[in-house]
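Visitor: pasting the structure only:
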């Protein structure tokens, strides 16, 4: 089976391979349906998309993943608080120049797009400065430590006309894209609730890493993996008007929580039950969406989280066992490439990103409510 294929099975039928669809869910690579050069290459503002010049601030594990996803851009600059990390990344990209500090990077005239993948404490400052310098920005989730830190960032981006996308890359996993398609087509009927669990078991020394320092991270597992669950719940159900929950440290000797439990409710009484944990001794991702006419079950994200799968349980008029259809996505994680491709298209056509600073602020407000209720 080739990369990009999905494996599908249906109750009562055989197992087959669907047509190749590297951009499921209607997400198209930059330039599709837009301008193209005579040789077929997509265009951006009259220039080949490949001419879009990117820079990365923060060259650790996530920064390197972002760099690997720059298939539609050229990496021309990078910076990191640890210069050796930036130098190591630049060696893989001949055009990339290492800057001594992030301020010099965002002021460069040859940079169109800045990717910010640093510790949480400096995400909003770097994003705001890049927007003020006229750069478009992809900032990692959660985009800040507190919702209020995003207000000046939003204002700066609006003044400058800069587009800012928040890195909620889970929206671009193929099982979740397929689930969103099914929901948007109305095949589940009216949605009732979602249930999500996301967790890992940490590693030796986890309690000494920067994520365990609230000055750098703003919190623990809830603000780390939990914001992905909150974002996905909002993506499917909309805004939440009632927030309840509890955050607590059960195992790790650190001053931030290792578990967060949430009960969120919309104005229409739709509910999200969410649990984020770094005492999940076997890595887990599970996201279930319940409607009056069926259920969707997303399991796994690939790698240590297990093969990514989507199962659709469609209720029948006579009730009883549902009609069951399953899709499996055994290929490597391409959510980072899909996310960047959509952002390049946002920039090309001047479209506000689907995962915005407003989404990040809404998620952080929920996190803050849970911290307040828990005495964190």
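Guide: Noted; the coordinates are in hand. In this text the structure is predicted, and so the values were computed from the model without any measurement.
Visitor: Which secondary structure element of the protein has the lowest mean pLDDT?
Guide: Scoring the helices and strands of the chain by mean pLDDT, DSSP states H and E places strand 15-17 at the bottom, with a mean of 28.
Visitor: In contact with residue 71: list those residues for me.
Guide: 337, 340, 341 (CB atoms under 8 Å, 6 or more residues apart in numbering). All C-beta atoms are positioned from the backbone trio N, CA, C, and that covers glycine.
Visitor: Tell me which residues are up against the longest helix belonging to the chain.
Guide: Counting residues, the longest helix in the chain under DSSP state H turns out to be helix 357-374. With contact meaning CB under 8 Å, 6+ apart, helix 357-374 is reached by 141-147, 150-151, 153-154, 157, 164, 166, 168, 219, 222-223, 226-227, 230-231, 234, 239-240, 243-248, 257, 260, 262, 264, 376.
Visitor: Need the buried ones from those residues selected in PyMOL.
Guide: PyMOL command restricting those to the buried ones, with burial defined by 16 or more other CB atoms under 10 Å:
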select buried, resi 141+142+143+144+145+146+147+150+153+154+157+164+166+168+219+222+223+226+227+230+231+234+240+243+245+246+247+257+260+262+264+376
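Visitor: what are the phi and psi values for the residue lying farthest from the centre of the chain?
Guide: Distance from the C-alpha centroid of the chain, by CA atoms, centre = their mean, peaks at residue 318 (39.0 Å). Per-residue torsions, residue 318: phi -90, psi 10 (degrees, to the nearest 10).
Visitor: what do you get for residue 143?
Guide: With angles defined as degrees, to the nearest 10, residue 143 sits at phi 80, psi -10.
Visitor: isn't it right up against residue 150?
Guide: Yes: under the criterion of CB atoms under 8 Å, residue 143 makes contact with residue 150 at 6.1 Å.
Visitor: Tell me which stretches of the stretch 251-376 of the chain form strands.
Guide: Ranges of strands in the stretch 251-376 of the chain, per DSSP state E, counting those that start in this stretch, are 259-265, 271-277, 284-291, 294-299, 308-314, 323-329.
Visitor: Of all those, which one is nearest residue 118?
Guide: strand 271-277 (21.4 Å; CB to CB).
Visitor: so how far is that closest one off the chain centroid?
Guide: Computed by CA atoms, centre = their mean, to the nearest Å, the chain-centroid distance of strand 271-277 equals 17 Å.
Visitor: again, but for stretch 52-69
Guide: How far stretch 52-69 lies from its chain's middle: 15 Å, per CA atoms, centre = their mean.
Visitor: how long is that stretch end to end?
Guide: End-to-end distance of stretch 52-69 (CA to CA, to the nearest Å): 13 Å.
Visitor: buried sites along it?
Guide: Here stretch 52-69 shows 52-60, 62-64, 66-67, 69 as buried, counting by 16+ other CB under 10 Å.
Visitor: next one: stretch 157-172
Guide: Buried-residue list, stretch 157-172, by 16+ other CB under 10 Å: 157, 160, 162-172.
Visitor: Helices of the stretch 151-300 of the chain, start to end?
Guide: Applying DSSP state H, counting those that start in this stretch to the stretch 151-300 of the chain gives helices spanning 151-160, 174-184, 214-217, 221-224, 226-237.
Visitor: how many neighbours does the spatially closest residue to residue 55 that is not a sequence neighbour have?
Guide: Closest residue in space to residue 55, ignoring its immediate chain neighbours: residue 77 at 4.0 Å, by CB to CB, 6 or more residues apart in numbering. Residue 77 has 25 neighbours, counted by other CB atoms under 10 Å.
Visitor: So residue 77 lies in a strand, does it not?
Guide: Yes: under DSSP: H, G, I helix; E, B strand; the rest coil, residue 77 falls within a strand.
Visitor: quick one: contacts for it?
Guide: Counting by CB under 8 Å, 6+ apart, residue 77 has contacts 55, 56, 96, 97, 98, 99, 105, 108, 110, 111.
Visitor: ok, now residue 149?
Guide: By CB under 8 Å, 6+ apart, the residues touching residue 149 are residue 124.
Visitor: Could you report the separation of it from residue 120?
Guide: Computed as CB to CB, to the nearest Å, the residue 149 to residue 120 distance reads 9 Å.
Visitor: And stretch 195-214, end to end?
Guide: Across stretch 195-214, first to last residue, CA to CA, it's 28 Å.
Visitor: what about that stretch, distance to the chain center?
Guide: 18 Å.
Visitor: check which helix or strand covers residue 88.
Guide: Using DSSP states H and E, residue 88 sits within helix 83-90.
Visitor: All set, thanks.
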